[in-house]
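> Sequence first, predicted model second:
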Amino acid sequence: MIKVSDTAKTKISQLMTEEGFSVETDFVRVGVKSGGCSGLSYELDFDNKESETDKLFEDNQVKIVVDKKSFLYLVGTTLEYSGGLNGKGFVFNNPNANRTWGCGESFSL
């Protein structure tokens with residue numbers, strides 16, 4: 001399961017609307033790919049097509065889809081949003097990550 005903080009929910013709703021998606025019917029696709037400073041990096045996008053190997057979750061009224069491979073890396077992760085002058089944008093608080101890079105966008109297990 002992936003959790004969504006209140007600040008992330010607010011920003012996701014805003015961005016989905018701006019990009020022509022609906023938080024009620026569409027979803028956030030979260031994934032992991034090889035690369036980044038620490039070996040793996042996060043992917044985040046909006047989507048409305050689900051594949052048969054995807055896992056669908058809903059938290060804080062946000063639907064999240066994760067492919068089967070990425071799910072193993074993301075179990076227990078909380079998606080947060082940090083705004084403001086020093087904000088980083090979306091932040092993945094992943095309890096499975098042994099090491100993260102300063103950018104917060106890559107990690108290793």
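Looks like it arrived, so ask away.
> Please make it C-alpha for all contacts and neighbour counts, starting now.
Will do.
> Show me where the protein has its strands.
Listed in chain order, the strands found in the chain under DSSP state E are 3-4, 27-34, 40-47, 54-59, 62-67, 78-82, 89-93, 99-100, 106-108.
> Export those as JSON lines, with columns for mean neighbour count and distance to Met16.
Putting the strands of the chain into JSON lines (neighbours: other CA atoms under 10 Å; distance: least, CA to CA, whole Å) gives the following:
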{"stretch": "strand 3-4", "mean neighbour count": "22", "distance to Met16": "15"}
{"stretch": "strand 27-34", "mean neighbour count": "19", "distance to Met16": "9"}
{"stretch": "strand 40-47", "mean neighbour count": "16", "distance to Met16": "7"}
{"stretch": "strand 54-59", "mean neighbour count": "16", "distance to Met16": "16"}
{"stretch": "strand 62-67", "mean neighbour count": "21", "distance to Met16": "11"}
{"stretch": "strand 78-82", "mean neighbour count": "18", "distance to Met16": "15"}
{"stretch": "strand 89-93", "mean neighbour count": "17", "distance to Met16": "14"}
{"stretch": "strand 99-100", "mean neighbour count": "15", "distance to Met16": "28"}
{"stretch": "strand 106-108", "mean neighbour count": "22", "distance to Met16": "24"}
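> can you pull the pLDDT of Thr78?
Here the pLDDT value assigned to Thr78 is 95.
> Contacts only, for the closest residue to it other than its chain neighbours.
Using CA to CA, 6 or more residues apart in numbering and skipping the chain neighbours, the partner closest in space to Thr78 is Lys3 (4.5 Å). Going by CA atoms under 8 Å, 6 or more residues apart in numbering, Lys3 touches 59-60, 76-79.
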